[in-house]
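# need coordinates for the following:
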Amino acid sequence: MTGEHDIAVLMVTLDPVLDAETWVFVTLDDRERADGIAARMRFEEAEGTTLIVSEAVALAEGLDAVFPSRMITLNVHSALDAVGFLAPIANRLAAEGMGVNPVAGFFHDHLFIPAHRADDAMRTLLEMRDAARDGMSG
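Residues are numbered from 1 along each chain as shown. Take a look at the predicted model:
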């Protein structure tokens, strides 16, 4: 269960899935409070605990949230040490004027895209996958 390393295989089997939820990023310097908040992701930094939480949770908890985003899961099992998979994706999204915050899980990579650009990001990812497929068949 180490995941795929071959970038060509990863690109042709890319199956991006857009999550319906709107996610936001928050930071807390109170780790005990952070422990009590339902989060999609948690990361400890020297400055505090970064959480990715639903917009609804942030509002309910009274948290100062930034970067309203939608999560796109790249539904292909990429190896954690696969070299060069996210770079062309991030570069292409940047060329389309989109910032992206990638998060690697054990099985998949997840992209947090500005909420208002989610459909554009999905279109771009599908275009990239289709171009990779065309390149393999041509």
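# who's the nearest residue to E55 once chain neighbours are set aside bridged to?
Once flanking residues are discounted, E55 sits nearest to T22: 4.4 Å by Cβ to Cβ, 6 or more residues apart in numbering. Using the backbone N, CA and C atoms, a C-beta is placed for each residue, glycine as well. With DSSP bridges as the criterion, T22 is bridged to R70.
# and T22, how far is that from A58?
Computed as Cβ to Cβ, to the nearest Å, the T22 to A58 distance reads 10 Å.
# and R42, by the same measure?
Distance of R42 to A58, computed by Cβ to Cβ: 14 Å.
# the two: which is more packed in?
Each of R42 and A58 has its neighbours counted (other Cβ atoms under 10 Å); A58 has more, 22 against 15.
# which ones are touching the residue lying closest to I72 once chain neighbours are set aside?
Closest residue to I72 apart from its sequence neighbours, by Cβ to Cβ, 6+ apart: L111 at 4.6 Å. Counting by Cβ atoms under 8 Å, 6 or more residues apart in numbering, L111 touches M71, I72, L74, I89, L93, V100, N101, P102, V103, A121.
# okay, and the beta partners of L74?
P16, D109.
# ok, it - contacts?
L14, D15, P16, I89, H108, D109, H110, L111, L125.
# state the mean pLDDT of stretch 122-138.
Here stretch 122-138 scores 91 as its mean pLDDT.
# thought D109 was touching H77, still the case?
No: in terms of Cβ atoms under 8 Å, H77 does not count as a neighbour of D109; the distance is 9.9 Å.
# how about the residue nearest to the spatial centre of the chain, phi and psi?
Residue closest to the average C-alpha location in the chain (Cα atoms, centre = their mean): L111, at 1.6 Å. With angles defined as degrees, to the nearest 10, L111 sits at phi -110, psi 130.
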